[in-house]
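K.L.:
Here is a sequence together with a model predicted from it:
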Amino acid sequence: MNAAPADQIRLLDLQAIDAKLDQLAHKRRTLPEHAEIDKATADHTALKSLVVAAEAQQSDTARELTKAEQDVEQVRARATRNQQRMDSGSVTSAKDLENLQHETGSLAKRQGDLEDVVLEVMERLESAQTRVTELTARLEHSTVVLEEAEARREAAFAEIDVEVAKVARDRETVVAVIPADLLKLYTRLREQQGGVGAARLYQRRCEGCRVEFSTNDLNAIKAEPKDAVVRCENCGRILVRTADSGN
Ligand SMILES: [Zn+2]
């Protein structure tokens, strides 16, 4: 393949531009915000489940309290009814009175036990409410942390994208004047060779693979016609000769 020396030099400009674009893409992919956002998202998700579980616990306990209070109310109502019957004088049989009195005593004991249950459930409800409050506050904080990291990532993206757009415009200008077959070869080599398709021959070295040429090899390369497209024997990249190729 042949190409004017000036076009070969332009290939080095294109290579520099592509390297810059690769760098920017790498920077975009590896922003520290990505890891921060992953962590903040995981924290947020975990806290959300904890809040849901704590809220379920709270409503279960609230129902339990209602039930325990109803139990107390039932026993209290029954004791009141017994008392009213005894006070009314409608129970005349000594045996019946004795039974009623006995039941009233049992009911008082039962009411006391049930009231203890109410107190115990109230304490648990209070703990459940405290836990919901704490976890909700932590969840809100985690939302803020996540949103802040996302905002910082967006800002970093925007900054990188402005630079990418600028470099891409430079690329268009350079690409427009490079012959199609040379550009095609460069593009293929760039894909195969880790992003570097064209390398300068600088002071006896291929700047693509850093190999240093012997005097014989160097002389052979330099003896090629100026418009010959030379390839590095070691890495296969397009080797662009310049005034600094060495001797
Ligand atoms: Zn090389």
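P.N.:
Cool, the structure landed. Numbers count the residues shown, from 1 in each chain.
K.L.:
what about the residue sitting nearest the centre point of the chain, which SS state?
P.N.:
Nearest to the geometric centre of the chain sits Asp38, at 2.0 Å (C-alpha atoms, centre = their mean). Three-state call for Asp38 (DSSP: H, G, I helix; E, B strand; the rest coil): helix.
K.L.:
Show me what from this protein comes close to the ion.
P.N.:
Cys206, Gly208, Cys209, Cys232, Asn234, Cys235 (C-beta under 5 Å from the ion). C-beta: built from backbone N, CA, C; applies to glycine.
K.L.:
Mind putting those into a markdown table with neighbour count, pLDDT and secondary structure?
P.N.:
Formatted as a markdown table, the residues of the chain next to the ion follow (neighbours: other C-beta atoms under 10 Å; pLDDT from 0 to 100; DSSP: H, G, I helix; E, B strand; the rest coil):
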| residue | neighbour count | pLDDT | secondary structure |
| --- | --- | --- | --- |
| Cys206 | 23 | 97 | strand |
| Gly208 | 24 | 96 | coil |
| Cys209 | 16 | 97 | coil |
| Cys232 | 22 | 97 | coil |
| Asn234 | 15 | 96 | coil |
| Cys235 | 18 | 97 | coil |
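K.L.:
Max pairwise distance over the residues you listed: which two?
P.N.:
Gly208 and Asn234 (8.5 Å; C-beta to C-beta).
K.L.:
residue contacts, Cys235?
P.N.:
Gln193, Ala199, Cys206, Gly208, Cys209, Val211 (C-beta atoms under 8 Å, 6 or more residues apart in numbering).
K.L.:
which one is Ile221 nearest to, not counting chain neighbours?
P.N.:
In space, and not counting its chain neighbours, Ile221 is closest to Val230: 5.6 Å by C-beta to C-beta, 6 or more residues apart in numbering.
K.L.:
Which residues are in contact with that neighbour?
P.N.:
Counting by C-beta under 8 Å, 6+ apart, Val230 has contacts Leu201, Ile221, Glu224, Ile238, Leu239, Val240, Arg241.
K.L.:
change it to 7 Å
P.N.:
Contact analysis of Val230 by C-beta atoms under 7 Å, 6 or more residues apart in numbering lists Ile221, Glu224, Leu239, Arg241.
K.L.:
quick one: it from Thr242, how far?
P.N.:
Val230 is 12 Å from Thr242, where distance means C-beta to C-beta, to the nearest Å.
K.L.:
Then Val52?
P.N.:
67 Å.
K.L.:
Kindly report the same for Thr143.
P.N.:
57 Å.
K.L.:
quick revisit: can you give me phi and psi for the residue nearest to Ile221?
P.N.:
In terms of degrees, to the nearest 10, the main-chain angles of Val230 are phi -90, psi 140.
K.L.:
So which residues of the protein form helices?
P.N.:
Under the criterion DSSP state H, the chain contains helices at 5-29, 32-88, 94-176, 180-192, 215-223.
K.L.:
Would you convert those helices into TSV that also reports mean pLDDT?
P.N.:
Output for the helices of the chain, formatted as TSV (pLDDT from 0 to 100):
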stretch	mean pLDDT
helix 5-29	97
helix 32-88	97
helix 94-176	97
helix 180-192	97
helix 215-223	95
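K.L.:
Mind putting those into a markdown table with distance to Gly246?
P.N.:
As requested, the helices of the chain are exported to a markdown table (distance: least, C-beta to C-beta, whole Å):
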| stretch | distance to Gly246 |
| --- | --- |
| helix 5-29 | 16 |
| helix 32-88 | 42 |
| helix 94-176 | 26 |
| helix 180-192 | 22 |
| helix 215-223 | 6 |
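K.L.:
number of nearby residues for Gln84?
P.N.:
10 (other C-beta atoms under 10 Å).
K.L.:
Same question for Ile221.
P.N.:
By other C-beta under 10 Å, the residues close to Ile221 number 21.
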